[in-house]
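[1] Dropping a prediction and its sequence here:
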Amino acid sequence: MKGRVAFTSLGCDKNRVDSEVMLGILQKRGYQAVADETEADVIVVNTCCFIRDALEESIETILEMAKYKTEGMCKGLIVTGCLGQRYEKEFFEELPEVDAVLGTAAYEQIADAADRILEGEQKVKLLEDINKPMQDENGSLRMLSTAPYFAYLKISEGCDNHCTYCVIPKMRGRHRSRSMESLVQEATILAQQGVKELVVVAQDTSIYGRDLYGAPMLHMLLQKLSEISGIEWIRLLYCYPETLTQQTIDVMASNPKICHYLDMPIQHGCDRILQRMGRKTSQAQIRQTVQKLRQAMPDIAIRTTLIVGFPGETEEDFAQLQVFVEEMHFDRLGVFCYSKEEGTPAAAMDCQIDEQIKEERRDLIMDLQKGIAAKRCETEVGKILPVLVEGKLPKEDVYCGRTQWDAPDIDGMVFFRAEEEVYSGDIVSVKITEASDYDLIGDVVYADEFTE
């Protein structure tokens, strides 16, 4: 064994996949993963700096982990992910506690960095072209950090959208897809390890394959993934209304393994603000895409995210957004206050909005959505739903799980009782008896209890 490594992964689920790949690469090189930082020879912090709050969390975590260089066994602190890529020029000056920094396209050199630090080298910096093609082979090395019954499948890297508020293209490069064959191979390995639910992610999943095959091929990938034995649910995150194809909608509607669930970030409902954001869609197009989805799958749950307080957002613009949210009845919805990010066009725009107004607008939308979500939950009472078991509440005879209409970590839960013991990863039938604003309550029903 070369040494022990502890990992902290911040930010999105795509970052989590990168962390899992790094863990696999380190293990192959002879390192052992440990959960206790006091026992680690090397500590890795995979950072996020998409918005200001994430940047602050990353810096705080790095400083917290640096303490183990004096209070533990840590001989090297490595920073990976977006923070190192974005601020690579001044990184060691601002954070001298760090021993190595890896850019977003260099994370697969993590074992080299760990080796060099333990051999006594100081201030290691590894950066690569952020537009380099994804390396297919390393996905099969992943060490899962999620529960063993579900995993994220990262199908592409980078983004071509260049929204005016976003720094992702500068940190992650242009959109690059993984080959379909490598993704099927990786998903097959995950299924053999016990994964039942695949959560398909990318910065923009709906254009998957456009760079490799000349046209979006998400529908073909979904079909191939559904043919893998052991995979029971396939969930789609981060599709955009302007690039979601009818072929993808059709395969979602016709393939029983694909969850009737879609995360479709729209960011706003006012055309003027969408244009200022650099979005390539309109309110009319969003409405049309949602209509197509609901016609094809009347039971679909659509999740979206919004940004309030964008520069120049007037009271009239915000009122239009409120009406839009009320009319659209999105099943799941999250709201972010606009974050002014240096180096983006939006940061230089006039009419920046006061933080208090942003927060008030966020709260107003979330209060509106709370009522919509509660009504949606009420419609589930009396139904029998398949639920993926996630665990049992401590000291209570109550289990918790998710339906196919709820993504891990971000959506509601089902709390239920069962006459016989059930286990995490099982899919059971639950009759819903009560509903709260976001969660459901029920009881497991068995085959002889089903009624017409």
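    Right, received. Where do you want to start?

[2] Gln404 versus Asp439, what's the distance?
    16 Å (Cβ to Cβ, to the nearest Å). To be clear about C-beta, it is placed using only N, CA and C from the backbone, and glycine gets the same treatment.

[3] Give me the more crowded residue out of those two.
    Remark: of Asp439 and Gln404, Gln404 carries more neighbours, 22 against 16, as counted by other Cβ atoms under 10 Å.

[4] Doesn't the more buried one belong to a strand?
    No - Gln404: not assigned to a strand; according to DSSP: H, G, I helix; E, B strand; the rest coil it is coil.

[5] And for it, nearest residue in space, chain neighbours not counted?
    Of all residues not flanking Gln404 in the chain, Cys259 sits nearest, at 4.1 Å (Cβ to Cβ, 6 or more residues apart in numbering).

[6] sec struct for that neighbour, please.
    strand.

[7] and it, what does it touch?
    Counting by Cβ atoms under 8 Å, 6 or more residues apart in numbering, Cys259 touches Trp233, Ile234, Arg235, Leu236, Gln404, Trp405.

[8] In JSON lines: those residues, plus pLDDT.
    Formatted as JSON lines, those follow (pLDDT from 0 to 100):
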{"residue": "Trp233", "pLDDT": "98"}
{"residue": "Ile234", "pLDDT": "98"}
{"residue": "Arg235", "pLDDT": "98"}
{"residue": "Leu236", "pLDDT": "97"}
{"residue": "Gln404", "pLDDT": "96"}
{"residue": "Trp405", "pLDDT": "97"}
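
[9] is it possible to export those to JSON lines including distance to Ala253?
    Listed next are those as JSON lines, based on distance: Cβ to Cβ, whole Å:
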{"residue": "Trp233", "distance to Ala253": "15"}
{"residue": "Ile234", "distance to Ala253": "13"}
{"residue": "Arg235", "distance to Ala253": "15"}
{"residue": "Leu236", "distance to Ala253": "12"}
{"residue": "Gln404", "distance to Ala253": "14"}
{"residue": "Trp405", "distance to Ala253": "15"}
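
[10] which among those gets closest to Arg16?
    Arg235 (14.8 Å; Cβ to Cβ).

[11] Assign the closest one to helix, strand or coil.
    Going by three-state DSSP: Arg235 is strand.

[12] wait, it sits on Tyr261?
    Yes - in this structure, Arg235 is within contact of Tyr261 by Cβ atoms under 8 Å, at 5.7 Å.

[13] Need the overlap of contacts for the two.
    Residues touching both Arg235 and Tyr261 by Cβ under 8 Å, 6+ apart: Gln404, Ala407.

[14] So which bits of stretch 406-422 are buried?
    Neighbour-count burial for stretch 406-422 flags Asp406, Ala407, Pro408, Asp411, Gly412, Met413, Val414, Phe415, Phe416, Ala418, Val422 (criterion: 16 or more other Cβ atoms under 10 Å).

[15] For it, measure first residue to last.
    20 Å (Cα to Cα, to the nearest Å).

[16] Can you show me the strands along the stretch 351-452 of the chain?
    Taking DSSP state E, counting those that start in this stretch as the test, the strands found in the stretch 351-452 of the chain are 384-392, 399-402, 414-417, 427-435, 440-444.

[17] Which elements pack onto the fourth one?
    When contacts are defined as 3 or more Cβ pairs under 8 Å, 6 or more residues apart in numbering; DSSP states H and E, strand 427-435 packs onto helix 355-378, strand 384-392, strand 414-417, strand 440-444.

[18] packing partners for the last one?
    Translated: strand 440-444. strand 414-417, strand 427-435.

[19] Leu198 bridge partners, please.
    Going by DSSP bridges, Leu198 is paired in beta bridges with Ala151, Ile234.

[20] and Val445, how many residues sit next to it?
    Neighbours of Val445 using other Cβ under 10 Å come to 17.

[21] how much space is there between it and Leu368?
    For Val445 relative to Leu368 (Cβ to Cβ), the value is 34 Å.

[22] Let me see the contact set for Ile130.
    Gln85, Gly103, Thr104, Ala105, Gly158, Met171, Arg172, Gly173 are the contacts of Ile130 under Cβ under 8 Å, 6+ apart.

[23] cutoff 7 Å now
    Counting by Cβ atoms under 7 Å, 6 or more residues apart in numbering, Ile130 touches Gln85, Gly103, Thr104, Ala105, Arg172, Gly173.

[24] so how far is Leu221 from the third one?
    Noted for Thr104: a distance of 23 Å to Leu221, by Cβ to Cβ.

[25] Equivalent analysis for the fifth one, please.
    Taking Cβ to Cβ as the measure, Arg172 and Leu221 are separated by 20 Å.

[26] what about these two, which has more around it?
    Neighbours were counted for Arg172 and for Leu221 using other Cβ under 10 Å; Leu221 has more, 25 against 21.

[27] For that one, which non-adjacent residue is spatially closest?
    With Cβ to Cβ, 6+ apart as the measure, Met180 is the residue that lies nearest to Leu221, at 5.6 Å, once sequence neighbours are left out.

[28] cool, Leu306 as well?
    Nearest non-adjacent residue to Leu306, counting by Cβ to Cβ, 6+ apart: Val335, 4.9 Å away.

[29] ok, the one you found - how many residues close by?
    21.

[30] got the contact list for it?
    For Val335, the contact set (Cβ under 7 Å, 6+ apart) comprises Leu306, Val308, Arg362, Ile365, Met366.
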